[in-house]
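Trainee: I would like the atomic coordinates for the input below:
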Amino acid sequence: MPIRILHADDAARCDEIIAALPYFFGIQAGVDACAEAVRTHRGWVAEVDGVVAGFLTVEQLINPEISWLAVHPEHRHHGIGKALVAAAVDVLASEGHTLLTVLTLGPSVVEQPTDNYSGTRRFYRSVGFEAVRELDLVGWEQAALLLVRRLDRHSSTVVNS
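Mentor: This next block holds a predicted model:
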């Protein structure tokens, strides 16, 4: 599966992916923020049969932070998310960055659906992130979990860049 740089003309397909994941992107403010990030943040996309199947965006704060990561439901659990993270890690490490962060819903939040954020937290741990702490952030209705991954030029597992 090819991984490439996110381009402006990928935005509509990324919007479709977001719409296909209503549990994770069910709040309009989140949908709008993700759509904005796809159009303004640096990122990567994974293609399956020439169609964007997933994307990852990174915002440059104090350290780079994964702002959004989504894979279309038809393509989840096939290594696309891992490949996107690996591509971002390789590029960011080659540029001299030493840490990559991500925020996701905290484990103290009670959830009902079987496909929930416990899987998201497991995914990030599986690609080398470590939980730092839960935070009550302005703009978040529920607790957020801060995860961090150390970057170095020898830590990635790129599938295809």
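
Trainee: For the chain, which residue occupies the most central location?
Mentor: Centroid check for the chain by CA atoms, centre = their mean gives Leu69 as the closest residue, at 2.4 Å.

Trainee: In space, what's closest to that residue - neighbours in sequence excluded?
Mentor: If the residues on either side of it in the chain are set aside, Leu69 comes closest to Leu56, at 4.6 Å by CB to CB, 6 or more residues apart in numbering. Bear in mind the C-beta positions are built from the backbone N, C-alpha and C, glycine included.

Trainee: which residues touch the helix or strand in which that neighbour is found?
Mentor: Per DSSP states H and E, Leu56 falls inside strand 51-60. Applying CB atoms under 8 Å, 6 or more residues apart in numbering, the external contacts of strand 51-60 come out as 1, 6, 10, 13-14, 17, 34, 37-38, 41-47, 64-72, 74-75, 80-81, 84-85, 87-88, 92, 100.

Trainee: remind me, longest helix of this protein?
Mentor: Assignment by DSSP state H gives helix 80-94 as the longest helix of the chain.

Trainee: At which residues are the helices of this protein located?
Mentor: Here the chain has its helices, by DSSP H, at 11-19, 28-40, 80-94, 117-126.

Trainee: The shortest one: which residues count as buried?
Mentor: For helix 11-19, the neighbour count (16 or more other CB atoms under 10 Å) marks 11, 13-15, 17-18 as buried.

Trainee: still on that earlier bit, of the helices of the chain, which stretch is the most buried?
Mentor: helix 80-94 (a mean of 22; mean count of other CB atoms under 10 Å).

Trainee: before we move on, back to that, what degree of burial does the residue nearest to Leu69 show, as a neighbour count?
Mentor: Using other CB atoms under 10 Å, Leu56 has 26 neighbouring residues.
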